[in-house]
Structures are given as structure tokens and as C-alpha cells.
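Visitor: A structural model of the following input is requested.
(one chain, ligands or ions: 2)
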Amino acid sequence: MKKQRLFTGLQPSGNLHIGNYFGVLQPFLNLYPKYDSFLMVADYHSLTSSHDSQSLRENTLNIVRDYLAVGVDPEEVTIFRQSDNPDHTELAWILNCMVTVPFLQQGHAYKDKVAKGMEPNAGLFTYPMLQAADIALYDTDVVPVGEDQRQHLEYTREAVSKFNRTYGEIIKKPETIIMGAVGVVPGTDGQKMSKSYKNTVPLFGSKEEIEESVMRIITDSEGDIPETVLALHKLFKPEGELTDLYESNKGRYGDLKKALAHDINSFIEPMREKKKSITDADIVDVLEKGAQKAKEVSSQTMSQVRSAIGLNLI
Ligand code: ADP
Ligand code: TRP
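Guide: Numbers count the residues shown, from 1 in each chain. Ligands and ions are numbered 1, 2, ... in the order given. Below is the predicted model of the structure:
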């Protein structure tokens, strides 16, 4: 039986932390083999928030390297870069013409930036239609994303419906899969782990960096069992194996932290080694092959879309 199509995208920004790993990477690793999967680096989306060319280059190589290092198999998944396929910007324009300004004004990402007094660029405003185009091009059945992307998927479904009502049923309406059943991974200060709170444990950190971040976990005014230490530990070891350790080390926060750092390091070590072995040339090769495959699929959608909107003259 033909597999359903899965499509998801990532912005090439910064270093991943273990919150990202358990929130989205691990669920993606479990999900993608069941589908014909496409993984896109959303480099054009990242232009809405940064204009630093050197970091775009570095972050793009880095995010692909990270995904390969955690175990995404490029033979199984089509990994490609948005900017390598001009169909994305073309369809985004067409979808922009299907939705209204007040509709886009309700976008969370856009509203947040306006509320913070930042000057939102026009790309940020139309961001959801570029995302809708990404998804629509690949006859997508399911889109796995983190909770923060829920609204963008609603925008996609709305734009697709409007297109189909206007021009006929051309584009498949995708289903959203919200990943992150593990819930929110806490950071070293007990709040949600997030790069913007500087409370992360880096996913590819060295042994020393992991130890350093674990030692920073705030344990003031906690009882016998340091909550955040245990919550993180449960991600790396089955609860059954932890009961004895935490019972016999009641109140000894330092020892428990050392045990946690050790277990995080054992988990990360193989991925860290794999990451080191992946060259820039390997990445360019993966992206080139991916772009070719992506274009084969998206060009079929575009030819239907172009005739539906009246671009086929004869
Ligand atoms: P950050 O908050 O560090 O900026 P991002 O917004 O780049 O993280 O998150 C990328 C994805 O990782 C999101 O889809 C989100 O669902 C997931 N994620 C981020 N932080 C956590 C966390 N602490 N726990 C679980 N999932 C997370
Ligand atoms: N906006 C998504 C994010 O910031 C990235 C993204 C771009 C995406 N295009 C997509 C996600 C298409 C899913 C499908 O995380």
C-alpha cells in the first residue's frame, strides 16, 4: 500500500537543546518511517527574523547535521532546502492573494512582534502563506509540529479551502499532528527549557558543558527529592531504575546531579560522535538530492495550480 505523505519544516536557528529533542525530534524519529516523509529547512522563513548571511549559512548546515546525527536517514526522508525550490515562493504569492489582511493580522507570531514594539517586516506578515505553500505543494496528508505551530496549520487549512472553493479541489487539505506528548521539558531554572531563557542543556554539548548546565539546576528550597533533576532524569532512564537511586540519595542534590549528568552524557555521546563525522560536503549532497526529489513532486502540483488559476493560455 502506498504510504501517506508527511511534511514538516524547521527554521535553521541556533543550537538545539534537550527540550527540542524530546519535544519534537524524538517524536519525529518515531513517526517518519510510517510515511513518505519530507523534511524541509525553512531558510526563507528565517529571513523574517534575521539578515545575517553568515549565520544563515552556518545554521543551515548545522540543522541538517543535527537531524542526521540524531538518526534521520536521508535515504528514507527527503531532506531539502526551501530556497532550492522556487515553487515555494510562487505558490506563496498565489495563496497570499486568497486571504485577507485582517485574517493575517490575527497571526500570533506577527501580533507578538508588534506587541513587543518590533518593526515587523512584510515577510513576517505573510509568513503563514509561505508555510501553507510549503505544505500544499507536496500533496501532504499529515504535518507533525510542536504546539507552537498549531495556528499556522489552521491558516494553511483555511488558505487551502479557499483556494479549492475558488478553483476546484486541487490541493489536499492536511491534517495536523501535534507532537510533544512528553509535555514541557523543564530548564535549569524549572521553567520551560527555551533558548530565549538561557536555561538549556545543549543537545550536542560536550561532557563538560552537560555537567556545567546540570550543576546549574536550581534546587533551592526543594525537599528530599530535587524535582527538576528528577523530571529531567526520567527522560533518560526508566522511572523504575530511578526509584532506588533517589531514595538512597535523599537530600544529596550534588550526587543526584552527577548521576543525571552521567546519564545525559551516555545518551548524547553517540550522537555527538556521529555529528563530528558528517562533513559539509555530505550535507550539500543530501540537500541536492532532496531538492531534486522535492521538485519532481511539487512541479506536478504547480502545473495543476497554474492551469486552475488561468495561466495556461492555450
Ligand atoms: P525555544 O523555545 O528554545 O526557542 P523553539 O521555539 O525553537 O525552542 O522550539 C522548536 C520546537 O521544539 C517547538 O516546536 C517546540 O514544540 C519544541 N520545544 C521547545 N522547547 C521545548 C520544551 N522545553 N519542551 C518540549 N518541547 C519543546
Ligand atoms: N514555521 C515553522 C517553525 O517555525 C517551520 C515551518 C516552515 C514548517 N514551513 C513549514 C513547519 C511547513 C511545518 C510545515 O517551526
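Visitor: and the contacts of stretch 51-60?
Guide: 12, 13, 14, 41, 43, 46, 47, 50, 81 (C-beta atoms under 8 Å, 6 or more residues apart in numbering). For glycine as for every other residue, the C-beta is placed from the backbone atoms N, C-alpha and C.
Visitor: does the fifth one touch residue 83 like I think?
Guide: This means residue 43. Yes - in this structure, residue 43 is within contact of residue 83 by C-beta atoms under 8 Å, at 4.9 Å.
Visitor: looking at the two, which is more packed in?
Guide: Neighbour count, other C-beta atoms under 10 Å: between residue 43 and residue 83, residue 43 has more, with 20 against 17.
Visitor: contacts only, for the more buried one.
Guide: Taking C-beta under 8 Å, 6+ apart as the test, what residue 43 contacts is 12, 56, 60, 81, 82, 83.
Visitor: what's the spacing between it and residue 50?
Guide: 10 Å (C-beta to C-beta, to the nearest Å).
Visitor: on that earlier part again, now the contacts of residue 43 in CSV, with pLDDT, distance to ligand 2 and secondary structure?
Guide: Compiled in CSV, the contacts of residue 43 are given as follows (pLDDT from 0 to 100; distance: C-beta to the nearest ligand atom, whole Å; DSSP: H, G, I helix; E, B strand; the rest coil):
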residue, pLDDT, distance to ligand 2, secondary structure
12, 92, 10, coil
56, 97, 15, helix
60, 97, 13, helix
81, 98, 12, strand
82, 98, 7, helix
83, 98, 12, helix
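Visitor: so, in contact with ligand 2 or not, the host helix or strand of residue 284?
Guide: Here residue 284, judged by DSSP states H and E, is contained in helix 280-309. No - Helix 280-309 does not reach ligand 2 (C-beta under 6 Å from any ligand atom); its nearest approach is 12.5 Å.
Visitor: who does that helix touch, helix- and strand-wise?
Guide: When contacts are defined as 3 or more C-beta pairs under 8 Å, 6 or more residues apart in numbering; DSSP states H and E, helix 280-309 sits against strand 36-41, helix 53-70, strand 77-81, helix 87-96, helix 150-167.
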